[in-house]
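Participant: with the sequence up front, the predicted model follows.
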Amino acid sequence: MFPPYQSNKKFSTGPKVNHDPDPVQAQVKPEPVQMIRHLSGRLKKQYLCLKCNKMFTDKKNYDDHIRRHAGLMHVCKYCSRCFASWRGLHLHLPQHTGIYSFRCGKCNKGFSLRRKLEKHEKKCQSGSQS
């Protein structure tokens, strides 16, 4: 039989440490895989408008911005107000038509957004209307 294998190498599962005598330099250095995970969680995709150099992290906001430059706006047929997104126009239209998605149960005031109704209901129930 062979004798058991022996090695002078010590194996570590922890992060690599720089053993320089300078305490400023003696910081934990992450493994490349850890660094990639770290950066991918922190870096967001960015969109740059080439016309005005404005940067966006949200594609929808970038697309709305580009539409503004191109003049491709959604126009209200009642007041000619322009909106970069269809949603903006959709939320505006009830002001003219009176057809709201949400209504206060106490005073019957209409709202396009549930959060606006909820904010109103808190004030309406306490007696002061908004």
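Facilitator: Received the coordinates, thanks. Numbers count the residues shown, from 1 in each chain.
Participant: going forward, measure contacts between C-alpha atoms and count neighbours the same way
Facilitator: OK.
Participant: which residues of the chain score low on pLDDT?
Facilitator: 1-43, 128-130 (pLDDT under 70).
Participant: would you state the helices of it in chain order?
Facilitator: Ranges of helices in the chain, per DSSP state H, are 32-42, 59-70, 86-92, 94-97, 114-126.
Participant: what are the contacting residues of the shortest one?
Facilitator: Contacts of helix 94-97 with the rest of the structure, by CA atoms under 8 Å, 6 or more residues apart in numbering, involve Tyr78, Tyr100, Ser112.
Participant: may I see the ChimeraX selection of the buried members of those?
Facilitator: Burial among the contacts of helix 94-97 is assessed by 16 or more other CA atoms under 10 Å; the matching ChimeraX selection reads:
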select :112
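Participant: now the contacts of helix 94-97 in CSV, with distance to Lys123?
Facilitator: Output for the contacts of helix 94-97, formatted as CSV (distance: CA to CA, whole Å):
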residue, distance to Lys123
Tyr78, 31
Tyr100, 19
Ser112, 17
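Participant: on that earlier part again, among the helices of the chain, which comes closest to Leu50?
Facilitator: helix 59-70 (9.5 Å; CA to CA).
Participant: list the buried residues of that closest one.
Facilitator: For helix 59-70, by 16+ other CA under 10 Å, it's Tyr62, Asp64, His65, Ile66, Arg67, Arg68.
Participant: tell me the one of these nearest Gln125?
Facilitator: For these, the nearest to Gln125 is Asp64 (37.6 Å; CA to CA).
Participant: verify the stated contact: the closest one with Ala84.
Facilitator: Yes. When contacts are counted by CA atoms under 8 Å, Asp64 is listed as touching Ala84 (5.2 Å).
Participant: can you report how many residues lie near the residue nearest to Lys59 when sequence neighbours are not counted?
Facilitator: Once flanking residues are discounted, Lys59 sits nearest to Tyr47: 7.0 Å by CA to CA, 6 or more residues apart in numbering. By the measure other CA atoms under 10 Å, the count of residues near Tyr47 is 16.
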